[in-house]
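Participant: structure for this input, please:
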Amino acid sequence: MAVSTLATDLPAAPSATPAHEVLKAAFAATVATAQPERCLARYLPEPPRGRTIVVGAGKASAAMAAALEAQWPAALSGLVLTRRGHAVPTRSIEIVEAGHPVPDAAGLAATARIRDLMVQAGPDDLVIGLFSGGGSSLLCAPAGGLSLADKQAVNRALLASGAPIDAMNVVRKHLSQVKGGRLAALAPHTRIVSLIMSDVPGDDMATIASGPTVGDASTASDALAVVERYRIPLPETARRALAAAAARPEPAADLSHVTNNLIMTPAIALGAAADLLRARGLDVHMLGDDIEGEARDVGADHARLVRGLAGRGRSLAVLSGGETTVTLRNAAGGRGGRNTEYLLALALGLEDVPGITALAADTDGIDGSEDNAGALFDAGTLARARTAGLDPAERLGANDAYSVFEAAGDLLVTGPTHTNVNDFRLVLIDRR
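Facilitator: The predicted structure follows:
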């Protein structure tokens, strides 16, 4: 049975406990704090003499566009790309849904239209960029003679590699005509103000959505080094394109006409959860908002840490964020994303420790490519999965954590949340 987090008017699952409700309330507080309508207004620029043109891409970009329309004092026009299922109603800004995490023809066509809007912008106009996590896949303008099929193959290879997001985006930038500041360079005489929501460890704006309006310090040689380090099986066309770009480095674009504003970060959003937990009388042990690494390894590490904390005999909330990665162990793969894989590894490491409940989820509402945001774990989770005929350890080895939590009735299903501030992980230790 799936558990709804954000729709508070829905009945609780039969297995729900007070600990479950605390976990879900903390997750909901994080998501609510990161809604664009709550963080966008203070970063709005002065309206221009000419037109205000809006462009953008990301899982939160449609909600950002709606918030901008509600708070902007003049006329707006433009186009924003978001993942399928993540659109919201807007009045004058066009919303286009496209493929994610693998780009598709809709994203290719919409990106071409966004490029046209940039080229047509004049010196009296203002371009407002709305960018969030997910924009790297949604914005698709292949460079170096690559086709859409080549870019799709590149993205699939990157996603299966286990490389961290900053490394993946170095490769993406040097195979694109819009990433790494190249979108902003199309309108060199127009004031550009970008509003950016972070979903990356360290909040580097050059990494978020691969930095369409942010100058890029990386090189094509750096991209080739990433490919070699993580043994990424790129199409030969992509390898040749990177080699050609490395042999003829392009000069850095002048982006002095661009202002980039970071309007929301994982640290701010997790802080709302920490405040809620403290208000409920819990001590909070914050592990950080920028944790990276292989999801199953991080889960096992956190299990060892929680086991030690539980031995101190006091109740505690262990909170963390960041972005783990998953390396697929076989070509077919399993069902699940990085948060369910983390949580299954955590559960296997804590199965014999009483009084533990946990939640791990992606704040955008979709963990990987399935329909869940993540999952919950309690003392009966693994037993329920085994009763259903599954071996949790074997399923972890097959990258199939989704099936374990589905069988246990512990999937966390929220639908798109219209924001994206990366992963949310919370472990409750109850020693009362």
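Participant: excluding chain neighbours, give the residue nearest to residue 241 in space.
Facilitator: Excluding its sequence neighbours, the residue lying closest to residue 241 (Cβ to Cβ, 6 or more residues apart in numbering) is residue 144, at 2.8 Å. To be clear about C-beta, it is placed using only N, CA and C from the backbone, and glycine gets the same treatment.
Participant: what's the neighbour count on residue 130?
Facilitator: Per other Cβ atoms under 10 Å, the neighbour tally for residue 130 reads 31.
Participant: test my guess that the residue nearest to residue 241 contacts residue 246.
Facilitator: No - between residue 144 and residue 246 there is no contact under Cβ atoms under 8 Å: 11.1 Å.
Participant: from residue 288, how far off is the residue nearest to residue 241?
Facilitator: 37 Å (Cβ to Cβ, to the nearest Å).
Participant: who has more neighbours, those two?
Facilitator: Higher neighbour count among residue 144 and residue 288: residue 144, with 18 against 13, using other Cβ under 10 Å.
Participant: secondary structure class of the more buried one, three-state.
Facilitator: coil (DSSP: H, G, I helix; E, B strand; the rest coil).
Participant: from residue 236, how far out is it?
Facilitator: Taken as Cβ to Cβ, the span from residue 144 to residue 236 is 12 Å.
Participant: so where is the stretch 251-400 of the chain shaky, pLDDT-wise?
Facilitator: The stretch 251-400 of the chain contains residues with pLDDT under 70 at 330-333.
Participant: the helices in it, which residues?
Facilitator: 266-279, 295-310, 338-350, 381-387, 392-397 (DSSP state H, counting those that start in this stretch).
Participant: looking at these, which is buried most?
Facilitator: helix 338-350 (a mean of 27; mean count of other Cβ atoms under 10 Å).
Participant: show me where the protein has its strands.
Facilitator: With DSSP state E as the criterion, the chain has strands at 52-57, 77-83, 93-98, 126-131, 191-197, 258-264, 284-291, 316-322, 356-362, 374-377, 411-412, 423-429.
Participant: who's in contact with residue 124?
Facilitator: Residues near residue 124 by Cβ atoms under 8 Å, 6 or more residues apart in numbering: 48, 49, 50, 51.
Participant: burial count for the residue nearest to the first one when sequence neighbours are not counted?
Facilitator: The shortest distance from residue 48 to any non-neighbouring residue, by Cβ to Cβ, 6+ apart, is to residue 126 (3.8 Å). By other Cβ under 10 Å, 21 other residues sit near residue 126.
Participant: between the contacts of residue 124, which is nearest residue 368?
Facilitator: Sorting the contacts of residue 124 by how near they are to residue 368, with Cβ to Cβ, puts residue 51 at the top with 39.2 Å.
Participant: buried ones in stretch 82-96?
Facilitator: Buried residues in stretch 82-96, counted by 16 or more other Cβ atoms under 10 Å: 82, 83, 86, 87, 88, 90, 93, 95, 96.
Participant: again, but for stretch 156-168
Facilitator: For stretch 156-168, by 16+ other Cβ under 10 Å, it's 157, 158, 159, 160, 161, 162, 163, 164, 165, 166, 167, 168.
Participant: distance of the fourth one from residue 210?
Facilitator: Translated: residue 160. 18 Å.
Participant: likewise for the first one?
Facilitator: Distance of residue 157 to residue 210, given as Cβ to Cβ: 16 Å.
Participant: so this protein: which segments form each domain?
Facilitator: Following automatic domain parsing, one gets these domains for the chain: 18-33+266-429, 36-264.
Participant: ok, residue 415 - how many residues close by?
Facilitator: If you count neighbours by other Cβ under 10 Å, residue 415 ends up with 16.
Participant: repeat for residue 122
Facilitator: When neighbours are defined as other Cβ under 10 Å, residue 122 has 13 of them.
Participant: ok, residue 368 next?
Facilitator: Using other Cβ under 10 Å: residue 368 sits among 22 other residues.
Participant: that one and residue 342 touch, don't they?
Facilitator: No - under the criterion of Cβ under 8 Å, residue 368 makes no contact with residue 342, lying 11.5 Å away.
Participant: what's the spacing between the residue nearest to residue 367 when sequence neighbours are not counted and residue 399?
Facilitator: Distance criterion Cβ to Cβ, 6+ apart; nearest residue to residue 367, sequence neighbours excluded, is residue 337 at 3.3 Å. Here the distance between residue 337 and residue 399 works out to 10 Å (Cβ to Cβ).
Participant: joint contacts of the two?
Facilitator: residue 326.
Participant: for the residue nearest to residue 48, give its distance to residue 232.
Facilitator: 39 Å.
Participant: and if you look at residue 300?
Facilitator: 25 Å.
Participant: now do residue 420
Facilitator: On the measure of Cβ to Cβ, residue 420 and residue 232 end up 24 Å apart.
Participant: same deal with residue 54?
Facilitator: 34 Å.
Participant: which one's more surrounded, the two?
Facilitator: Neighbours per residue (other Cβ under 10 Å) separate residue 54 from residue 232, with residue 54 holding more: 26 against 21.
Participant: contact partners for the more buried one?
Facilitator: Residues near residue 54 by Cβ under 8 Å, 6+ apart: 65, 68, 76, 77, 78, 79, 80, 93, 127, 128, 129, 130.
Participant: in TSV, list those residues along with distance to residue 315.
Facilitator: Below are these laid out as TSV (distance: Cβ to Cβ, whole Å):
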residue	distance to residue 315
65	42
68	42
76	49
77	53
78	50
79	50
80	44
93	47
127	50
128	46
129	44
130	41
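Participant: quick one, which of those are buried?
Facilitator: Applying 16+ other Cβ under 10 Å to those flags 65, 68, 76, 78, 79, 80, 93, 127, 128, 129, 130 as buried.
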